[in-house]
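Student: Structural data only, the sequence is not supplied:
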């Protein structure tokens with residue numbers, strides 16, 4: 001049985017005075033201390049969290065309204081700016097950096113009474129799919145300490161599965177919420193691009209980055225999204241939220257049965273037999289529930305990974321250019337001149353994967369190669385977007401595995417960057433197209449979790465969450 005109640009119940013207990021926020025914070029901090037061996041957490045915000053909880057309890061005693069997430073502890077991936085600790089993005093180049101302001105989503109969550117208790121580990125600057133690229137340590141999978149938890153938000157996903165807090169925050173640029181959710185066995189939600197503000201979040205690929213929650217259930221993820229979603233004056237890419245919100249409600253008994261497209265390109269020979277078995281079982285349960293199932297082909301999907309690894313490094317090379325040792329973060333004090341300072345700071349501060357992506361990105365943007373790589377990749381991205389739009393004219397939702405395999409062994413792919421990049425093969429397309437996508441637990445293969453990925457058209461986050469919740473109940 002879980003150590004945590006559903007989020008709405010926790011908040012109600014605090015609001016009513018049955019439970020103290022201070023006790024919840026201590027419960028979370030104790031769990032973090034107990035599970036240190038999994039390396040999920042970079043730093044705790046114990047002092048700030050205790051002070052915040054005390055203020056909430058005092059407000060409850062005086063009869064004040066403390067919000068929909070009153071007293072609920074949560075953990076933020078360490079690329080979110082949060083008061084009370086360094087924000088490092090798990091990179092040595094940001095050691096010692098403390099945020100001068102907080103991310104918009106942190107502000108929104110705290111306004112509703114949620115309490116950030118810790119910062120979670122990640123692949124440095126979110127460059128990776130296993131959390132092995134952290135400059136500090138590798139997070140271990142809660143189901144098998146010899147395996148990765150996925151990435152880049154592996155620390156956040158593991159935090160939820162280890163029950164360090166009821167929910168955690170991640171970022172998803174090419175699958176970095178959904179893949180670790182699949183590998184660890186929790187719910188991971190990537191919203192429509194722009195639905196959640198990225199202000200105060202360390203940038204990776206700005207046209208691809210999305211902020212989303214990890215939770216034990218779709219219901220909890222929907223509540224957290226409802227608090228975070230909406231326009232933000234500090235992020236010009238944000239869009240209006242659904243006027244009906246995202247908190248799940250019962251569907252009408254006569255609600256039309258959904259039409260679901262099984263993605264042909266995701267069900268090919270590369271799928272592990274154990275993963276295929278769990279996905280096939282889920283499809284059959286949906287059929288038995290009355291859903292209409294059809295096969296859908298998106299011919300450009302096999303090109304999605306190549307497109308992503310042109311466009312994403314191009315944006316990475318631009319975003320990482322600000323880390324020059326002159327304004328904040330790591331710097332080399334014995335440099336001979338400004339140019340030498342730039343070079344030495346980046347050589348010693350950036351890890352291998354960051355350097356690799358900077359070099360790839362700079363190359364594809366360089367004169368003579370821009371048309372050959374970057375422009376062609378943007379053209380194919382437009383084709384991917386068009387194919388998704390056409391697919392959603394035929395079906396309500398798209399379905400497939402989140403990953404073609406379960407969590408792999410630590411160290412298994414580190415010597416082969418191309419093999420490591422293949423981890424994202426089933427997740428990058430949703431980011432290229434900007435559509436919402438969710439990974440929910442779908443059984444196990446040889447004792448390791450399998451994730452089922454569901455997608456909907458842009459802006460249909462509410463409908464997707466409703467369908468994911470129904471699917472979650474069918475698979476329980």
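Tutor: Here it is on my side, so go on. Model, not experiment: these values are computed from the prediction. Residues are numbered from 1 along each chain as shown.

Student: Quick one: residues in contact with stretch 331-344.
Tutor: 324, 325, 326, 345, 348 (Cβ atoms under 8 Å, 6 or more residues apart in numbering). The way it works is simple: take the backbone N, C-alpha and C, and place the C-beta from them, glycine included.

Student: Same question for that stretch: list its buried residues.
Tutor: Neighbour counts using 16 or more other Cβ atoms under 10 Å place 331, 332, 341, 342, 344 of stretch 331-344 among the buried residues.

Student: What is the end-to-end distance of it?
Tutor: With Cα to Cα, to the nearest Å as the measure, stretch 331-344 spans 8 Å from end to end.

Student: Repeat that for stretch 173-193.
Tutor: End-to-end distance for stretch 173-193: 10 Å, by Cα to Cα.

Student: can you give me the mean pLDDT across it?
Tutor: Per-residue pLDDT over stretch 173-193 has a mean of 98.

Student: for stretch 410-418, same thing?
Tutor: Per-residue scores along stretch 410-418 average to 91.

Student: how about stretch 49-63: buried residues?
Tutor: 49, 50, 52, 53, 56, 57, 59, 60.

Student: my guess is residue 93 meets residue 327, correct?
Tutor: No: Residue 93 lies out of contact with residue 327 (Cβ atoms under 8 Å); the separation is 11.9 Å.

Student: If you count surrounding residues, which of those two has more?
Tutor: Using other Cβ atoms under 10 Å, the more surrounded residue of residue 93 and residue 327 is residue 93, with 26 against 8.

Student: got the contact list for that one?
Tutor: 323, 329, 330, 345, 346, 349, 350.

Student: and with 10 Å instead?
Tutor: By Cβ atoms under 10 Å, 6 or more residues apart in numbering, the contact set of residue 93 is 124-125, 135, 320, 323-325, 328-331, 345-346, 348-351, 354.

Student: Next: residue 90.
Tutor: 42, 77-79, 119-128, 131, 133-137, 139, 152, 155, 202, 351.

Student: Against residue 353, how distant is the residue nearest to residue 202 when sequence neighbours are not counted?
Tutor: Excluding its sequence neighbours, the residue lying closest to residue 202 (Cβ to Cβ, 6 or more residues apart in numbering) is residue 79, at 3.9 Å. Residue 79 sits at a distance of 15 Å from residue 353 (criterion: Cβ to Cβ, to the nearest Å).

Student: Residue 74 now?
Tutor: 27 Å.

Student: With residue 386 instead?
Tutor: 32 Å.

Student: ok, the two, which is more surrounded?
Tutor: Looking at residue 386 and residue 353 with other Cβ under 10 Å, you find the greater number of neighbours at residue 353, namely 20 against 13.

Student: didn't that one look like it was pressed against residue 204?
Tutor: No: Residue 353 lies out of contact with residue 204 (Cβ atoms under 10 Å); the separation is 11.6 Å.

Student: Please enumerate the shared neighbours of these two.
Tutor: 123, 125, 127, 316.

Student: got these as a markdown table, with secondary structure columns?
Tutor: Formatted as a markdown table, these follow (DSSP: H, G, I helix; E, B strand; the rest coil):
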| residue | secondary structure |
| --- | --- |
| 123 | coil |
| 125 | helix |
| 127 | coil |
| 316 | helix |
